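K.L.:
output the structure for:
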Amino acid sequence: MLGKVYSFLDWDGWSGERVVLRPDGTIPVARLYIDSMEGVAKLFYIANVFIFEETGKKTRERWQCGAELIGAGSPLADVELVMLALEVLKRLRLEGIELRLSHAGLIRALLARLELSPEEQTRIFDRILDGDIEALAKVKLERPELGRTLPPLLELKGKSSGFLKNLKALFAQDLPEFKPYIDDFTNIAELLEALGCDYQIDIASGRGFEYYTGVIFQVFKDEEKIGGGGRYDALIPLMGGKDIPASGFALYLDRLMNLVKPEALAKPPGQRILIRAEPEAVKEGFSAAARLREAGYMTEFYLGVQKKADFNWTLDVQTKAPLFILTDQVKRKRFEAQTINEVLAVLR
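P.N.:
Numbering: from 1, shown residues only. This is a model prediction of the structure:
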């Protein structure tokens, strides 16, 4: 990324330091976390960024809003961010949204055999995606087994976790290092399927993967990319912090402004609800969270670290009756419900 930024010497400053125009919203958030936070943090931002653009045909300064989930490394955390991004677009009344998934771990596992630096891996991957025959020939010459694997892998597309299981069976012998990444990808895909979320698996959509380490997702409207994100577990330690997992996404405000019709949005009541779902009730938990947010409540999934005292309510989602247990953390009252409508009736 540092090779594609706008930088200059600040001669008017104290020491003539080199200054870089912010190319991304995630890095400042990561710096904030390292300097003043710990544990699990859920942060959002709205900021302008400066994109390195060589053609001169596109605006270099762009605005984006983003969300970062730092301190949680499970597939559940990745899925929560994907669903949040899609819910924002749904609340903006945008239809026909396409979700594309890739995985940086798979890409790195493939290219690691070339024994290149991370920067060179990124460059050769982008060249291959652009149809550079010389780049692909270099791969085939140095690593024949990779030359056989890479082209079909980049051309394949799927729409289910079964597709990933087939990939695992197809490439397991030539690429045993593939396994942990394909398993992680499959877990995320299965969670999305359980939530009724449509997606397209497209390994080639992982362009610009340099600081991602896990799943990469992008959202499109009429073939125009309007947002994206993924897991970047290596970024916090790279910037001098502890070994902390993290993931996030950004939506491109300039593009959304051309798509969204302004409308008045109801202000949320300010009630915060912590949702704790049994493993077999995760789908129902996400469904309940969506309904509650539609009604104006702020919800979070329990990730093992939040304190109940920081929330107005806790909602336990179970697989057996009562399906919902709602607890008022202020008045210390407990309510049982069988449907989310009954939960909403109590909250009102």
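K.L.:
test my guess that Gly158 contacts Leu164.
P.N.:
Yes: Gly158 is within contact range of Leu164, at 7.1 Å (criterion: CB atoms under 8 Å). From N, CA and C alone the C-beta is placed, and that goes for glycine too.
K.L.:
if you count what's nearby, which of these two comes out ahead?
P.N.:
Each of Gly158 and Leu164 has its neighbours counted (other CB atoms under 10 Å); Leu164 has more, 23 against 18.
K.L.:
sorry, back to before: between Gly158 and Leu164, which contacts overlap?
P.N.:
Between them, Gly158 and Leu164 share these contacting residues under CB atoms under 8 Å, 6 or more residues apart in numbering: Ile201.
K.L.:
where does this protein have low pLDDT?
P.N.:
1-8, 10-16, 52-58, 128-141, 145-149, 152, 206-209, 263-269 (pLDDT under 70).
K.L.:
care to break it down by domain?
P.N.:
Using automatic domain parsing, the domains assigned to the chain come out as 2-257, 272-347.
K.L.:
how far off centre is the shortest one?
P.N.:
If I follow you right, that is domain 272-347. 24 Å (CA atoms, centre = their mean, to the nearest Å).
K.L.:
so that it lines up with my notes, have the first residue be 25 from now on.
P.N.:
Okay, using 25 as the starting number, the last item reads as domain 296-371.
K.L.:
endpoints of that domain, how far apart?
P.N.:
From its first residue to its last, domain 296-371 covers 11 Å (CA to CA, to the nearest Å).
K.L.:
before we move on, what about stretch 340-349?
P.N.:
Stretch 340-349 end-to-end distance (CA to CA) = 5 Å.
K.L.:
just the buried residues of that stretch, please?
P.N.:
Residues of stretch 340-349 classed as buried by neighbour count (16 or more other CB atoms under 10 Å): 340-342, 347-349.
K.L.:
repeat for stretch 350-360
P.N.:
Quick answer for stretch 350-360 (16+ other CB under 10 Å): 350-351, 353, 359.
K.L.:
ditto for stretch 362-372
P.N.:
364, 366-368, 371.
K.L.:
might one say that Phe335 is in contact with Arg296?
P.N.:
Yes: contact status for Phe335 versus Arg296: in contact at 4.6 Å, counting by CB under 8 Å.
K.L.:
between these two, who's got more neighbours?
P.N.:
Phe335 (21 against 16).
K.L.:
returning to that earlier point: so which of the buried residues of stretch 340-349 comes closest to Ala274?
P.N.:
Ala274 has its nearest neighbour among the buried residues of stretch 340-349 in Val341, at 29.8 Å by CB to CB.
K.L.:
secondary structure element for the residue nearest to Lys189 when sequence neighbours are not counted?
P.N.:
Among residues not flanking Lys189 along the chain, Thr210 sits closest, at 6.4 Å (CB to CB, 6 or more residues apart in numbering). Applying DSSP states H and E as the criterion places Thr210 in helix 203-218.
K.L.:
ok but Gly253 is inside a strand, no?
P.N.:
Yes: per DSSP: H, G, I helix; E, B strand; the rest coil, Gly253 lies within a strand segment.
K.L.:
how about the strands in the stretch 125-274 of the chain?
P.N.:
Assigned by DSSP state E, counting those that start in this stretch, the stretch 125-274 of the chain shows strands spanning 181-182, 224-226, 239-245, 248-255, 270-276.
K.L.:
can you list the helices and strands that the second one packs against?
P.N.:
Packing partners of strand 224-226 (3 or more CB pairs under 8 Å, 6 or more residues apart in numbering; DSSP states H and E): strand 121-127, strand 181-182.
K.L.:
adding distance to Tyr205, write those strands out as JSON lines.
P.N.:
JSON lines is the format used below for the helices and strands packed on strand 224-226 (distance: least, CB to CB, whole Å):
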{"stretch": "strand 121-127", "distance to Tyr205": "6"}
{"stretch": "strand 181-182", "distance to Tyr205": "16"}
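K.L.:
deepest in the core, which of the ones you listed is it.
P.N.:
With neighbours taken as mean count of other CB atoms under 10 Å, the helices and strands packed on strand 224-226 reach their highest mean count in strand 121-127, at a mean of 21.
K.L.:
for that one, which strands pair with it and how are they oriented?
P.N.:
strand 224-226 (parallel), strand 239-245 (antiparallel) (DSSP bridges).
K.L.:
need those in a markdown table (columns: mean neighbour count).
P.N.:
As requested, the strands paired with strand 121-127 are arranged in a markdown table below (neighbours: other CB atoms under 10 Å):
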| stretch | mean neighbour count |
| --- | --- |
| strand 224-226 | 18 |
| strand 239-245 | 23 |
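K.L.:
can you lay out these as TSV showing distance to Leu277?
P.N.:
Below are the strands paired with strand 121-127 laid out as TSV (distance: least, CB to CB, whole Å):
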stretch	distance to Leu277
strand 224-226	24
strand 239-245	14
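K.L.:
Val53 - that's part of a helix, no?
P.N.:
Yes: with three-state DSSP as the criterion, Val53 is part of a helix.
K.L.:
I'd say it and Leu67 touch.
P.N.:
Yes: contact between Val53 and Leu67 holds when scored by CB under 8 Å: they sit 5.5 Å apart.
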